[in-house]
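Novice: what follows is a predicted structure for the sequence shown.
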Amino acid sequence: MMMKYAHHFHAYQPGDIVYVRDGDGSSPIEYEERRSPVAVRIMEEEIKGQNWTRAMLHSYDRINDVISRLKGVSLDIEPFTFLMLMNHSAKTFNETVEILEEIDAVPTTPFHPIVPHLDEFEQRILARVAFDFYSPFIEGKGTAGFWFPEAVITRSSAEIVEGSTSKRLVFLLDERQLIYDFPQAKYSCNRYSRSFVFGREWELSDAFAFNTLDVDGLTAKTIERADPYKERNEIPYLVFTASDLESLLGNPSQLKRFKEWMEKLEKSGVERISAVEFVRRKLSGKFKKIEGECYFEMPVKEYSSWSDYFDLSVDGKTSDSRWLGYRRADGKVFAKSVKGRRISQIWKVAFTRLFEELNRIIRTGVLSALRDIHENVNPEEFLVRYSRVFFREYYRKFGIDTSRDYVLEPVNGDRKALKLGRVYYLMLLANHSCPRFWENLDTRVTFGNVSVMSKAVTELIRYFGSEGSELQNLFIEAYLRIVNFERLHKVWNLSSLPSIEGWETREEAWWQAIEPEVPMSRYNVVKRAALHVGKRDLKGDLRWILEPYDLKQAVADTGHIPGESHGIWENEEWCEHR
């Protein structure tokens, strides 16, 4: 059979950070984690953790055992997730390294932001760090995959990634992002920009992830995708699926189910190779090509993704509306159902704009301070190299230079730059995509993003410590903008935005969307997280900033994420911090 089959797993955990401890930037960050015990079941075993992230990381040990014995699988692990895995379990980390050395390891953007939503400066930093981080696994490989978080892509972002490496790339996307101009492009090697692109079979991928087909059904539906023309002409073609690594934990039998599906495909004569290896074989001539294959230009919809709200699509393709709170096609704010209630996504409009402003303000402060060090500094090169501090133990594992001389060379060896590198990376860490993925604002991931971003801001307040200085005032105002998140609906006149049903932008819809989901605080989660940091960081002459607020309300408890309801939580009512 000419059909080939590939599956890609995307591994990402945002962490359960509730507070980042102080540091001078010379060492990796230390932080306090949420204590909200939970367990997940894998076959007959119950995997426990002090929080969701720990439970997921503990489960990687069981997942590794299966993946290590499978062909045709590729894997990306977001770098901060990889770092957490290293810190939590040396054994599992080492096993994961061994797996990535054997299969196709796919570089991905650190910190899992929606890449095209960031300024091009941040995009360049993150793209270079992605390839630097993954260099132990892709060195010597002329062709490598690349995974954009949530697969959100634009041609501009793709070109920035391409410009960060000498390798030929294969962007792994979703078929609903691709615009097929002719039938034979399906399952073929297609070009995009200067790279190649594959779109996963989304119905087949979802059928596995959400358990809507049994193993026989999955196998049959895969075989149904046979291409008679390519079979007759003995031209290899690829059926590609992808899912979050967490999809292996959706129910106790899921891991076994995936393994059996792969084995049945093999028994049916379907060879399993990764999408990246498929492209390599087409380029090398090992696989026969249809005329023009690997030169076909595959159009990709701008700002499309693999996990948007497909019910909002107006063209049969995906978009990034899920993370915007409004439909990109017409700018209309929408509502989604959460636990039986319709919740306006207007909060995402404000959250996105707020973080865009904070990113810009922090970048301005960091770059200004770096240029004050010496007129000939290279801030961009320094901020790329600072990854060797942030991920230091990981790099040392592979014998990669993490020396202070290497990191500080672009800033003439000035150690003051280390603090600024730390602040910049805290800002990047705070741009995880996951708060805006979910429909309810009050979640552990929202708290984590806001806590880390607030830490970056308070550190700059203290860095520019002259009372009344212009830059210090800029960051005080930024901190107060976070604390007073509830005012942004009026400040930005969000009620003037159009909406699908007509009510989603009204003031009452705003207050309903941001209301707290925990019984011990009347403050929304953004305010709680910012004050949780401020009450520890803003001391002495800066204490006046906190005077209007009741710091007893600044608890780290949050609501639960609906997508984590299959977890066995000790507290089922809310995601506590004991």
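Specialist: Alright, I've got the coordinates. A quick note: this is a predicted structure, and the numbers were derived from the prediction, not measured.
Novice: V66: which element?
Specialist: Assigned by DSSP states H and E, V66 belongs to helix 52-67.
Novice: quick one: buried residues of that helix?
Specialist: By neighbour count with 16 or more other CB atoms under 10 Å, helix 52-67 contains the buried residues 52-64, 67. (C-beta placed from N, C-alpha, C; glycine too.)
Novice: got it, and stretch 177-191?
Specialist: For stretch 177-191, by 16+ other CB under 10 Å, it's Q177, L178, Q184, A185, K186, Y187, S188, C189, N190.
Novice: can you show me the CA trace of that stretch as PDB?
Specialist: Output of stretch 177-191 as PDB, limited to C-alpha atoms (Å, rounded to 0.1, in the frame of the first residue of the first chain):
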ATOM      1  CA  GLN A 177      -6.000  26.100   7.500                       C
ATOM      2  CA  LEU A 178      -5.000  25.100   4.000                       C
ATOM      3  CA  ILE A 179      -6.500  26.200   0.700                       C
ATOM      4  CA  TYR A 180      -6.300  23.300  -1.700                       C
ATOM      5  CA  ASP A 181      -6.200  24.500  -5.300                       C
ATOM      6  CA  PHE A 182      -6.400  21.100  -6.800                       C
ATOM      7  CA  PRO A 183      -7.200  17.600  -5.500                       C
ATOM      8  CA  GLN A 184      -3.800  16.000  -6.000                       C
ATOM      9  CA  ALA A 185      -2.200  18.400  -3.500                       C
ATOM     10  CA  LYS A 186      -4.000  16.500  -0.700                       C
ATOM     11  CA  TYR A 187      -1.600  14.100   1.200                       C
ATOM     12  CA  SER A 188       1.300  15.400  -0.900                       C
ATOM     13  CA  CYS A 189       4.500  17.300  -0.200                       C
ATOM     14  CA  ASN A 190       3.500  21.000  -0.600                       C
ATOM     15  CA  ARG A 191       5.500  24.100  -0.400                       C
END
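Novice: show me the contact partners of that stretch.
Specialist: 151, 153, 196-199, 225, 227, 229-230, 237-240, 278-279, 282-283, 289-290, 293-301, 304-306, 317-318 (CB atoms under 8 Å, 6 or more residues apart in numbering).
Novice: now restrict those residues to buried residues only.
Specialist: Buried by 16+ other CB under 10 Å: 151, 153, 196-199, 227, 230, 237-240, 278-279, 282-283, 289-290, 293, 296, 298, 300-301, 304-306, 317-318, out of those.
Novice: which ones among those lie within strands?
Specialist: Among the buried ones among the contacts of stretch 177-191, the subset assigned to strands under DSSP state E consists of F196, V197, F198, G199, Y237, L238, V239, F240.
Novice: wouldn't the third one be in contact with F240 here?
Specialist: Yes: here F198 lies in contact with F240, judged by CB atoms under 8 Å, at a distance of 4.9 Å.
Novice: quick check: neighbours shared by these two?
Specialist: The contact lists of F198 and F240 share A6, L172, A275, where a contact means CB under 8 Å, 6+ apart.
Novice: residues touching the last one, list them.
Specialist: Spelled out, that is A275. Contacts of A275 by CB under 8 Å, 6+ apart are A6, H8, S74, G145, V170, L172, F198, L238, F240.
Novice: repeat the analysis, applying 6 Å as the threshold.
Specialist: By CB atoms under 6 Å, 6 or more residues apart in numbering, A275 lies in contact with A6, V170, F198, F240.
Novice: who's R327 bridged to?
Specialist: R327 has the following beta-bridge partners by DSSP bridges: K332.
Novice: the closest residue to T143 other than its chain neighbours: neighbour count?
Specialist: Nearest residue to T143 in three dimensions, chain neighbours excluded: R168, at 4.6 Å (CB to CB, 6 or more residues apart in numbering). When neighbours are defined as other CB atoms under 10 Å, R168 has 17 of them.
Novice: for D320, which non-adjacent residue is spatially closest?
Specialist: Spatial nearest neighbour of D320, excluding adjacent residues (CB to CB, 6+ apart): Y303 at 4.6 Å.
Novice: angles on the backbone of the one you found, please.
Specialist: When read as degrees, to the nearest 10, the backbone of Y303 gives phi 60, psi 20.
Novice: what do you get for D206?
Specialist: Torsion angles, degrees, to the nearest 10, at D206: phi -70, psi -30.
Novice: now P113
Specialist: According to degrees, to the nearest 10, P113 has phi -90, psi 170.
Novice: now do it against L172, distance only.
Specialist: 17 Å (CB to CB, to the nearest Å).
Novice: now swap in S135 and tell me
Specialist: Distance of S135 to L172, given as CB to CB: 19 Å.
Novice: assign a three-state SS to the residue most central in space within the chain, would you?
Specialist: Nearest residue to the geometric centre of the chain (CA atoms, centre = their mean): H112, 2.4 Å. Judged by DSSP: H, G, I helix; E, B strand; the rest coil, the three-state class of H112 is coil.
Novice: how many residues are close by S284?
Specialist: Neighbours of S284 (other CB under 10 Å): 10.
Novice: gap between W544 and L538?
Specialist: 9 Å.
Novice: look at the two and report which has more neighbours.
Specialist: Under the criterion of other CB under 10 Å, the comparison of W544 against L538 puts L538 first, with 19 against 10.
Novice: pLDDT score for the residue nearest to T143?
Specialist: With respect to pLDDT, R168 has a value of 97.
Novice: can you read off the pLDDT for the most far-flung residue of the chain relative to its centre?
Specialist: Largest separation from the mean C-alpha position in the chain: R232, at 41.3 Å (CA atoms, centre = their mean). On pLDDT, R232 comes in at 96.
Novice: how far away is it from I290?
Specialist: Relative to I290, and taking CB to CB, R232 is found at 12 Å.
Novice: likewise I482?
Specialist: 54 Å.
Novice: likewise for S156?
Specialist: 30 Å.
Novice: same question for P252.
Specialist: On the measure of CB to CB, P252 and I290 end up 43 Å apart.
Novice: which residues sit in contact with the nearest residue to F80 once chain neighbours are set aside?
Specialist: In space, and not counting its chain neighbours, F80 is closest to F111: 5.8 Å by CB to CB, 6+ apart. Contact analysis of F111 by CB under 6 Å, 6+ apart lists F80, L428, L429, N431.
Novice: mind redoing it with 7 Å?
Specialist: By CB atoms under 7 Å, 6 or more residues apart in numbering, F111 lies in contact with F80, L428, L429, N431, H432.
Novice: in helices, which of these fall?
Specialist: Applying DSSP state H to those, the entries found in helices are F80, L428, L429.
Novice: what's the closest non-adjacent residue to the second one?
Specialist: What sits nearest to L428 in space, not counting adjacent residues and going by CB to CB, 6+ apart, is F111, at 5.0 Å.
Novice: and for S307?
Specialist: S307 sits nearest to E150 (CB to CB, 6+ apart), 5.7 Å away.
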